[in-house]
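Participant: Structure for the following, please:
(one chain, ligands or ions: 1)
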Amino acid sequence: MSKNSQEGPLQDLDDWEEVLQKRYPPPSREPGPASAFANPGKKKEEFRSYESSARPSVREFYRLNHRYQTLDFVLTKKKEYLPLRKKRMGIWEAMEFLNTLVDDSDPDTNLSQIEHLMQVAEAIRRDGHPRWFILTGLLHDLGKVLCLYGEPQWAVVGDTFPVGCAFSDKIVFAEFFADNSDSRVPAYQTRLGIYAEGCGLDKVHLSWGHDEYLYQVVKDYLPEEALYMLRYHSFYAGHREDAYPYLMNARDRALFVSVRAFNPYDLYTKSAERPNVARLRPFYEELIAEFFPPAIQW
Ligand SMILES: [Fe+2]
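Facilitator: Now for the predicted structure:
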C-alpha cells in the first residue's frame, strides 16, 4: 500500500457518501432535515440512470462489495471483531485515531474525519435535538476505524443489505449480486432465506461494515433510538427504499423513524466550512463523559 491507508478503488472513503448525495438529493431548495423525506422511495429507472452515470471507481467499489459480502464473510468478520478485543480507547481517542486515516484526495480542500463528525453533530445541535442525538452525530462514523485495522473499503463503507436471503432489486447496483457466491445457494435465495417472517432486524445479518461494528462497541451506553441510527444508517434499501419489510418487526418499524430522522444530517450537513475543533472540543468532551466511561473496548 502507498500512503493510502485504505485498500480499494475509491480515492477517498467519502466518495461513497458523495454518491449517496447524488442518489438522494435534498428534496427541497432548502436542504434541511425536516423536509428531507417528502419523497421516500425511488423509481427503478432513476436508480438505473444513477448507476450508469456513476464513476468507474464507484462502480468498481460496488462490484467488489456485492461480490464479496456473503453470509459466510459476515459471520467470519463478526467472529473476528465482535469479541471487541482490538483496542481499548475513549471516544475522543477513537476520533483522533480515525483522523489518522489518510486518503489520496487533497488535504487542503478535504476536511478531516473529526471535522466531518463535528459538522454533523453541530447541525443536530443547531436544530435543538437532545444531547444523545448530538452525540450520535459525533460518533456515527467512528466504525470506519475498521480501515485502520486493514479492512478493504468494501468491508467498511457502502450501502448495507441483509445476507442469507434474496437480494432486493432495490439495492443499488443489484446486478452485481450475480457474482456473489450466495446467489448460487438456493437456501439463501428465497424471500426469507434463513430468517423467519417478521423476525426483526436484530436477528438479521447485514453486510459487514462500520455501522454494525460501532453499534456493537457502543450498545451499552446509548438510548435505543441512537443505537438504531448508528446500526442502520447505511441500510438505504431499508430506510429509503422500504425494502425487506417482511424481516422487520414492530420495534424496527417504530425505531426506523429515528433512523430516518438522522439520515438528512448524515447526507446534507457536510460542507466545506471548517468547524473550529479546538473551540468546540470542551463541549464535546463533556457530552462524551455524560454517556461514556473514559475508555471502552473496541
Ligand atoms: Fe456512515
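
Participant: so what's the spatially most central residue of the chain up against?
Facilitator: Computing the C-alpha centroid of the chain and ranking residues by CA atoms, centre = their mean puts S234 first, at 3.5 Å. By CB atoms under 8 Å, 6 or more residues apart in numbering, the contact set of S234 is 157-160, 209-211. (C-beta placed from N, C-alpha, C; glycine too.)

Participant: Give me the buried positions along stretch 165-179.
Facilitator: 165-168, 170-174, 176-177 (16 or more other CB atoms under 10 Å).

Participant: tell me what the helix or strand containing S52 is packed against?
Facilitator: If you go by DSSP states H and E, S52 is part of helix 44-53. Helix 44-53 makes packing contacts with helix 15-23 when contacts are defined by 3 or more CB pairs under 8 Å, 6 or more residues apart in numbering; DSSP states H and E.

Participant: Could you name the helices and strands sitting against the helix it packs on?
Facilitator: Helices and strands touching helix 15-23, by 3+ CB pairs under 8 Å, 6+ apart, are helix 44-53, helix 56-68, helix 250-268.

Participant: For T160, grab phi and psi.
Facilitator: Backbone torsions of T160, given as degrees, to the nearest 10, read phi -100, psi 160.

Participant: G158 - nearest residue in space that isn't next to it in sequence?
Facilitator: N65 (4.4 Å; CB to CB, 6 or more residues apart in numbering).

Participant: picking that back up, would you list the helices and strands packed on helix 15-23 in JSON lines and tack on distance to E93?
Facilitator: Formatted as JSON lines, the helices and strands packed on helix 15-23 follow (distance: least, CB to CB, whole Å):
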{"stretch": "helix 44-53", "distance to E93": "38"}
{"stretch": "helix 56-68", "distance to E93": "29"}
{"stretch": "helix 250-268", "distance to E93": "23"}
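
Participant: Helices of the stretch 101-250 of the chain, start to end?
Facilitator: 113-126, 131-139, 210-218, 224-232, 236-239, 250-268 (DSSP state H, counting those that start in this stretch).

Participant: Looking at the contacts of S234, which two lie furthest apart in space?
Facilitator: Largest separation among the contacts of S234 by CB to CB: D159 and H210, giving 12.1 Å.

Participant: and Q153, what is it in contact with?
Facilitator: 6-10, 13, 16, 61, 64, 147.

Participant: again with F161
Facilitator: So F161 contacts 69, 167-168, 171, 206-207, 235, 237 (CB under 8 Å, 6+ apart).

Participant: Leaving aside the residues adjacent along the chain, what's closest to it?
Facilitator: Spatial nearest neighbour of F161, excluding adjacent residues (CB to CB, 6+ apart): I171 at 4.9 Å.

Participant: wait, doesn't that neighbour sit right on A237?
Facilitator: Yes. Here I171 lies in contact with A237, judged by CB atoms under 8 Å, at a distance of 4.7 Å.

Participant: Mutual contacts of the two, please.
Facilitator: Common neighbours of I171 and A237 (CB under 8 Å, 6+ apart) are 159, 161, 243.

Participant: May I have the predicted confidence score for the residue nearest to G158?
Facilitator: pLDDT for N65: 98.

Participant: is it true that it touches N180?
Facilitator: No. Using CB under 8 Å, N65 makes no contact with N180, being 9.6 Å away.
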